[in-house]
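Asker: model the following, please.
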Amino acid sequence: MPYALNGTLVSASVLTVAAVTPGPPVPADAPPGLAPVLLVAATACAVFGLAPGALGLRLRDVFLVSNAAGSVLLPLTGAAVPRDTLPAWMRAAGLDMM
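Answerer: Reported below is the predicted structural model:
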């Protein structure tokens, strides 16, 4: 929970700085609606980071679990390959919202 709260505070502070710097405008009514999204995103990132670590401690091999998690995450997010070229089932597993 502390990691999720830290991530939420960092996201909120970045959003605040982004609102006052030149660039695409952030509407004044956007931060209250973004607060739940920031909390969910920070919690998901914290859990994704902590879960492989916990599994690695249980299996006594942190690198095996983290490498497997990264190997699954890279293709599903489209970070290594354009999402348009992925098969339909991989786009669906990666939650393609387009």
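Asker: P75 and R83 touch, don't they?
Answerer: No - applying C-beta atoms under 8 Å, one finds P75 not in contact with R83, separated by 9.6 Å. For every residue, glycine as well, the C-beta is placed using N, CA and C.
Asker: in the protein, where's the longest helix?
Answerer: helix 30-59 (DSSP state H).
Asker: buried stuff in that helix?
Answerer: Neighbour-count burial for helix 30-59 flags 38-39, 42-43, 46, 52, 55-56 (criterion: 16 or more other C-beta atoms under 10 Å).
Asker: pick the one among these closest to G7.
Answerer: Lowest distance from G7 to the buried residues of helix 30-59 (C-beta to C-beta) belongs to A42, with 3.0 Å.
Asker: contact partners for that closest one?
Answerer: Counting by C-beta atoms under 8 Å, 6 or more residues apart in numbering, A42 makes contact with 3-8, 10-11.
Asker: low-confidence stretches in this protein?
Answerer: 1, 18-19, 26, 94-98 (pLDDT under 70).
Asker: from the centroid of it, which residue is nearest?
Answerer: Centroid check for the chain by C-alpha atoms, centre = their mean gives C45 as the closest residue, at 4.8 Å.
Asker: if I look at it, how far off is P82?
Answerer: Between C45 and P82 the distance is 23 Å, computed by C-beta to C-beta, to the nearest Å.
Asker: list only buried entries from the contacts of A42.
Answerer: Buried members of the contacts of A42, counted by 16+ other C-beta under 10 Å: 4, 7-8, 11.
Asker: so can I have JSON lines of those residues showing distance to S66 and secondary structure?
Answerer: Listed next are the buried ones among the contacts of A42 as JSON lines, based on distance: C-beta to C-beta, whole Å; DSSP: H, G, I helix; E, B strand; the rest coil:
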{"residue": "A4", "distance to S66": "20", "secondary structure": "helix"}
{"residue": "G7", "distance to S66": "19", "secondary structure": "helix"}
{"residue": "T8", "distance to S66": "24", "secondary structure": "helix"}
{"residue": "S11", "distance to S66": "23", "secondary structure": "helix"}
